Structure formats: C-alpha cells, structure tokens
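Enquirer: Predicted structure and sequence below. I'll ask about it afterward.
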Amino acid sequence: MIRFRFILLAAVAVHLALGLGAVMQKSITTDELFHLAGGYSFNALGDFRIHPDNGVLPQRLHALPAVLLGANPPPLDTEAWRTADATLVGYDFLYRSGHDHWPLLVGARIVNALFGAALVVLVGLWARRLAGAVAGTVAAALAALSPTLLAHVPLATTDVAAAFFLTAAAGAFWHWLGARTGPALALSAVAFAFACVTKFSAVLLFPVFALLIVFDLIFRRVPGFRSSTLNARLPTLAVGLAAHAAAAWLCIWACFNFRHAAAAPDLPSADTFSAAGRWMFDQAGWQGHVLRAVDAWRLLPEAFVWGYTHTYLGSLQRGAYLAGEFSDTGWRMFFPLAFAWKSTLAELAAAAGALVFAAARWRALRPWLLRLAPLLALALVYGGVALTSKLNIGHRHLLPLYPALFIVAGLLAARCPWRPLAAATALIALQAFAVAGIYPHHLAYFNALAGGPERAWRLLVDSSLDWGQDLAGLRTWLAENNSGPAAVPVFLSYFGSGEPDYYGLAVRRLPFVNGFRRPVAPTALGPGLYCVSATALVQVYSPARGPWTPALEAEFQSLRAQEPAFAEYFQNPARRAELEREVSAAQWQRAWARYDLLRFTRLCHYLRVRPPDASVGHSILVYRLGAGEVRAATGDSLAAWNALLARALSPDASAAR
C-alpha cells in the first residue's frame, strides 16, 4: 500500500507538472473569460447575473485568487452590466478594470488543476480496490498522461470538475446502496450536491441513480430479507433519496447566497432574467412549464433556473462543424468520431479490449457487473445522451466517460492472462508517447488514425482544437519569423477571448468570431502574413458559412463597388457628415461589416485549399500571401477567384508544395 501511495503521488505530480507547465504558455481560452468574470461577480459583488449557466461552484473557486489579489470590479454603470452581457462584462473585467488579468488567470488555473489531481487519485484508488496495485497504477498513469485531461485540467472551466463529481457521485451512490450506513449516505449526498452546482449535466445522475437502483434490486440481497424486493428496500431508499434531494437543494441555495433574485439589491438592476426567462420557458417544452412553476414559487434561485433553461435551449440548436460539414442540430456520429480521433491509442486499445472481453467472456460478467455497476451506468446514460445530443461543439463534453475508461484499462491490464506487467507497461508507454509528441499543445491532440494535429482543423474545431489559446504563441512566432527590416504586415482573424493588444501584437484585424463590439474600422488588404484561427478559417459561426453561392458573390461584388465610398466615409470626417445625411451611421457600419465578412469568407475558401506556410500550436494557421493572391481572392472577379482555386488544387501546385 505504501508503495502504491508513492506511485499515486508521482502520477499526480507528473500530471500537474505537465498540465500547468503547458498552460503557462497559453493565452486565455474562450470560456475562461466568462468563468473569471462570473465567479468574481458571485464572490466579490454577491451578484449572479453574469454566467450562471455553467456551474456556480467551480466559478466561485476559480475567482478566489482574483478576490484575494484585490482585483478591481468591472464598470457597473454600463449597458453590458445592466443586460447581463457576460461577454462584454468579462472583457471589461479582464482588460479595462486597471489590473493585469494574467495573475488572476494563473490562480484560477491552479485551482482548477486540483480537480485533475483529485480525478487521478480517484481512478487510481478505485482501480486498485477492484483489482490490485497493477490496475491502480495503470489507471492513474493513463489519467495523469491523458492529453484530453491535460488539455482541460489546468483551464478555468467546469468540464474536469464535472467529470470528477459525476464519477464520484455515481460511485458513492452505489456504495451507499450496498452499505446502507449513515456515513455512506452522507458521502453520496454531498457528492451529488456538489455535482448539481458544478454543471447542469448533473441532471443525468437521475437516470444513473435509477439504473443503479435496478441493478441493486436484481443483483444484490439485503441482509435479513429473503428477497431483494422493492418493498423490502423502499423505506431506506425513500429516506436516502430524500437526503440527496435535501443536500442538493441546500447546496444550490448556499451557492447563491440563499437569495432568490439574481441581481444584488445594492447594484444597478437587471431585468434580463425575468424578461428572457418568460421567452425561454415558452421554448423549453414540458420542462418550461416545470421551470416556470419552480421560479414562480421560488423553489430555487432565479439565476439557477435561468442558467439551466438557457443551457437546455442551447443544447437543442447550436452551430457545429464536422469534417467539412455544418449543422445547427448536430450529428449522431459527432461524439463517436470525436472520441475515435482524439483518444490516444492506449485509450482506444482499452476500449476495444473491454468490448472484446465482454463479448468473449459474457457468461462470467455477473460479478463484474456488480463491481463496475456505477461506471457502466454512467457510461450508458452519458454515452447514450451524447449520441443524441445536438450540442456538437467539443470533444470535452465526453470527459465524464474517460475516468471509467481508465479504470477499465487498469482492470484489463491486471487481469491480462499473458504477462499483466508487460500489458501494463505497454499501455503506459503508449500514453506517455502520445503526450510527449504533443506537449505543450495538448488541446490539439489528434491520434495517428485521424492524421495527427496538422490537418486536424479539417475534422473538428472550437474547443476540440482551437479555443483561442495561442495568442501568446503567435507573439513568439512573429518575433522569431517576422521582425526587423524584412517584416511584413500581419493580418489576424482570431477566435477566442484574448486581446491581441495585451500581447503587443501589431496586427490588422480581420473579422473576429467575437469582436467584443469594437468599433468597425476598415482594413485594406494586401500582401503579408495572414494568421487565421482554425475556427475562423472553417467559418463555423459565420452567417456566410458553407458553399460560396452566386447570391453571396453578387452581394459581395455589389458591396465591393462601394469601396471608394467606404474609404471616404471612414477617412474623411467632412465627407462622412455629408454621407450620413443620406444613410445613417448605423447603416454604414452594418454595410462595411457585411462587406468585411464576405471578403474574409471569400478569402477563407481559398485558404482552405491552400496549405498553410506554418501553424502556431496547430490552432492558428499562418499563410504568407502575395499581392496577386490577395487580389484574386478578395478583390477580383469570380473568374479570377475560380482560377486561383484551380491553381491551388492542381497537381503541379501539390508537387511544388
């Protein structure tokens, strides 16, 4: 046992060193902005209007360093604050509040990394209890060295915390069903309560618990009873389930300061939740009727009800990208393919081994059904929901399945009939090889079967590859490759919550996925370096995504004819006043924004068939374009554009590359 504790401690140390060492080189990711701003508002201001839809407990923990470091609040006399605009409030908090956001972000990331350490310990101890030290070592090592975990553990988001609490809650509930003791009930109720304030996916624990109760009734016997009938167990079950509900209810209210109203009474008011809530309840089907009653009777805090409703509606329809295709309602194969592409060979081998073992030894599975019941129930429910989910925006949503996979891998290695130590060593070596090959760009990991990270943007984007994490890396790359007298202009289209100005990036801005409502300014295109985030390159969140149609070309050419007028409007104040007598300022801004978008979309169609000259962290693709390429792609006729695409796709061009 002492030796295994040292192994477990070493696994945790390696995990934290790899995760935190890598993330210190990464800029803020898209969702971290929301978590920092939301958590700070919860802790320092006692206000819950900003981002209550992604787990209030982790956000409060993420923001503790910001509070302890004395961070300044965002401006509260703004429309963004009054309308609970998490994006703009987050931007103000990070970049306009008079403090450096980096120490706050580092503190939040260190806090979240503790959930990763806890998860490594959990799977290691669980596997050891089931099958001994070899199983525990394999499970802990695979978890510690998993690129998927290492990508998300040190980020201030809720995904790893949710994986930990969902797994812990399932295991604790099964333990209570067997032990029927007060301490076991308390542990299970607390784990369930924490899961409920970590992420709204905790709602899936209801069917998980139901499955476990069925397993318990079928496979286990209650001491003192001749049968395992429901009547024999009903009183204990009723008391235990009531305790779980009470613990969750109390924990939710405690996390929201035991106050129903989302907005703090002494801060500028916000009617967003009540106004938006009525509309959202109408769109949420039968759940909307329940949620409306819960809110009206004040059974749960307003922000919790709003957050759940907003999350549920977002899961029904969201722009998504999969291997060149676009959808607002997702694909059944999205998560199976994401799992196949982004899991390591060791993880895939473990999954395949489990299926082969189950098929070959199904008659001997009954004892293992009891031992693995909570993991099986969680995998069945969560995996089943993933297959039908329309929220196809990231492989990270499969994180709760990986702890079970690590534990099963440990069991397979320990029970391997041919040299278990060799099997264990092989699995750990494969995992170590995978992480060594991708460090420090863990988020960009794609296995060899998917073609590796270089062409990963053709398969998945957003948080599966490009979450805005490489602005710092872009600064380093430009310093090494585009400095001095030979430096050329740099054009940037960025997906994320980072601010190029913070990193001293002197770039000309192309359309950003999130521009934080900065004033639209015209950018003249020309030769230079075009640095494009993978998510922006595939245009997944663009209103002009998909094929370049004749209608888009006609609109583009019509707006392109207005370029001289745009130049006069933005560069000549006197002429601007004259032009605004005929067309309002808002209309000029909208027209330019639309032209800018279509021009960039046209460019991206070309860049997607032209290999990049370099990449930064596999998430920002860099193209060195000449004047002729830029003109043909963004400022010439359709015939010239088609000829450019044909040259890029020609065998001669491929051979030259």
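Expert: Cool, the structure landed. Numbers count the residues shown, from 1 in each chain.
Enquirer: Show me the contact partners of stretch 256-275.
Expert: 45-49, 52, 56, 76-77, 81-84, 298, 301-304, 306 (C-beta atoms under 8 Å, 6 or more residues apart in numbering). Every residue, glycine included, has its C-beta placed from N, CA and C.
Enquirer: one more time with 6 Å, if that's ok
Expert: 45-49, 76, 82-84, 298, 301-303, 306 (C-beta atoms under 6 Å, 6 or more residues apart in numbering).
Enquirer: Quick one: buried ones out of these?
Expert: Leu45, Asp47, Phe48, Arg49, Leu76, Arg82, Ala84, Pro301, Glu302, Ala303, Trp306 (16 or more other C-beta atoms under 10 Å).
Enquirer: Can you check the pLDDT for the fourth one?
Expert: On pLDDT, Arg49 comes in at 93.
Enquirer: How about it, nearest residue that isn't a chain neighbour?
Expert: Ala84 (4.0 Å; C-beta to C-beta, 6 or more residues apart in numbering).
Enquirer: related to what we said a few turns ago, looking at the buried ones among the contacts of stretch 256-275, which are in helices?
Expert: Among the buried ones among the contacts of stretch 256-275, DSSP state H puts Arg82, Glu302, Ala303, Trp306 in helices.
Enquirer: pretty sure Tyr623 contacts Cys531?
Expert: No. Under the criterion of C-beta atoms under 6 Å, Tyr623 is not in contact with Cys531, lying 8.0 Å apart.
Enquirer: neighbour-wise, which of these two wins?
Expert: Cys531 (29 against 20; other C-beta atoms under 10 Å).
Enquirer: looking at this, the more buried one is in a strand?
Expert: Yes. Per DSSP: H, G, I helix; E, B strand; the rest coil, Cys531 lies within a strand segment.
Enquirer: now it: how far from Tyr40?
Expert: 31 Å (C-beta to C-beta, to the nearest Å).
Enquirer: Kindly report the same for Arg624.
Expert: Separation of Arg624 from Tyr40 (C-beta to C-beta): 41 Å.
Enquirer: Show me which of these two is the more surrounded one.
Expert: Tyr40 (31 against 15).
Enquirer: and that one, what pLDDT?
Expert: pLDDT at Tyr40 comes out at 98.
Enquirer: Just list the residues touching the closest residue to it other than its chain neighbours, thanks.
Expert: Among residues not flanking Tyr40 along the chain, Ala63 sits closest, at 4.4 Å (C-beta to C-beta, 6+ apart). By C-beta under 6 Å, 6+ apart, the contact list for Ala63 reads Gly39, Tyr40, Asn43.
Enquirer: quick one, phi psi at the residue positioned nearest the centre of the chain?
Expert: The centre of the chain sits closest to Ser463, judged by C-alpha atoms, centre = their mean, with a distance of 4.9 Å. Ser463 adopts backbone torsions of phi -70, psi 0, taken as degrees, to the nearest 10.
Enquirer: can you tell me how far it sits from Thr29?
Expert: Taking C-beta to C-beta, one finds Ser463 at 8 Å from Thr29.
Enquirer: I figured Thr329 hits Lys390, correct?
Expert: Yes. With contact defined as C-beta under 6 Å, Thr329 counts as touching Lys390 (4.8 Å).
Enquirer: between those two, who's got more neighbours?
Expert: Lys390 (18 against 12).
Enquirer: Who are the contact partners of the more buried one?
Expert: Contacts of Lys390 (C-beta under 6 Å, 6+ apart): Leu316, Thr329, Gly330.
Enquirer: where does it land in three-state SS?
Expert: Lys390 - assigned by three-state DSSP - is coil.
Enquirer: Can we start the residue count at 101 from this point?
Expert: That works, and once the first residue is 101, the last one we named lands at Lys490.
Enquirer: ok, back up a step: wait, what's in contact with the nearest residue to the residue nearest to the centre of the chain once chain neighbours are set aside?
Expert: Of all residues not flanking Ser563 in the chain, Gly494 sits nearest, at 3.5 Å (C-beta to C-beta, 6+ apart). Contacts for Gly494 (C-beta under 6 Å, 6+ apart) come out as Asp562, Ser563, Ser564.
Enquirer: try 10 Å
Expert: 131, 252, 259, 420, 434-435, 438, 442, 543, 560-565, 567 (C-beta atoms under 10 Å, 6 or more residues apart in numbering).
Enquirer: From those, which land in strands?
Expert: Among the contacts of Gly494, the members falling in strands (DSSP state E) are Ala420.
Enquirer: which among the contacts of Gly494 gets closest to Arg645?
Expert: Nearest to Arg645 among those is Ala420, at 10.7 Å by C-beta to C-beta.
Enquirer: Now do the nearest residue to Glu599 once chain neighbours are set aside against Ala536, distance only.
Expert: Using C-beta to C-beta, 6+ apart and skipping residues adjacent in sequence, the residue nearest Glu599 is Tyr195, 5.1 Å away. Distance, Tyr195 to Ala536, using C-beta to C-beta: 35 Å.
Enquirer: Quick check: next helix or strand after the lengthiest helix in the chain?
Expert: The longest helix of the chain (DSSP H) is helix 201-231. Proceeding N to C from helix 201-231, the next assigned helix or strand is helix 233-244, under DSSP states H and E.
Enquirer: Tell me if I'm right that Leu698 and Phe656 touch.
Expert: Yes. Leu698 is within contact range of Phe656, at 4.3 Å (criterion: C-beta atoms under 10 Å).
Enquirer: between the two, what contacts are shared?
Expert: Ala644, Trp648, Thr734.
Enquirer: Let's have the residues you listed in a markdown table, adding neighbour count, distance to Leu341 and pLDDT.
Expert: What follows is the shared contacts of Leu698 and Phe656, written out as a markdown table (neighbours: other C-beta atoms under 10 Å; distance: C-beta to C-beta, whole Å; pLDDT from 0 to 100):
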| residue | neighbour count | distance to Leu341 | pLDDT |
| --- | --- | --- | --- |
| Ala644 | 17 | 51 | 93 |
| Trp648 | 19 | 56 | 95 |
| Thr734 | 20 | 62 | 95 |
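Enquirer: give the contact list for Phe301.
Expert: Actually, residue 301 is Ser rather than Phe. 155, 258-259, 262-263, 265-266, 295, 411, 415, 482, 485, 497, 499-500.
Enquirer: and with 8 Å instead?
Expert: Ala262, Leu266, Tyr482, Pro500.
Enquirer: try Gly388
Expert: Contacts of Gly388 (C-beta under 8 Å, 6+ apart): Met380, Phe381, Asp382, Thr409.
Enquirer: So for Thr429 and Lys490, which residues contact both of them?
Expert: Counting by C-beta under 8 Å, 6+ apart, the residues touching both Thr429 and Lys490 are Leu416, Gln417.
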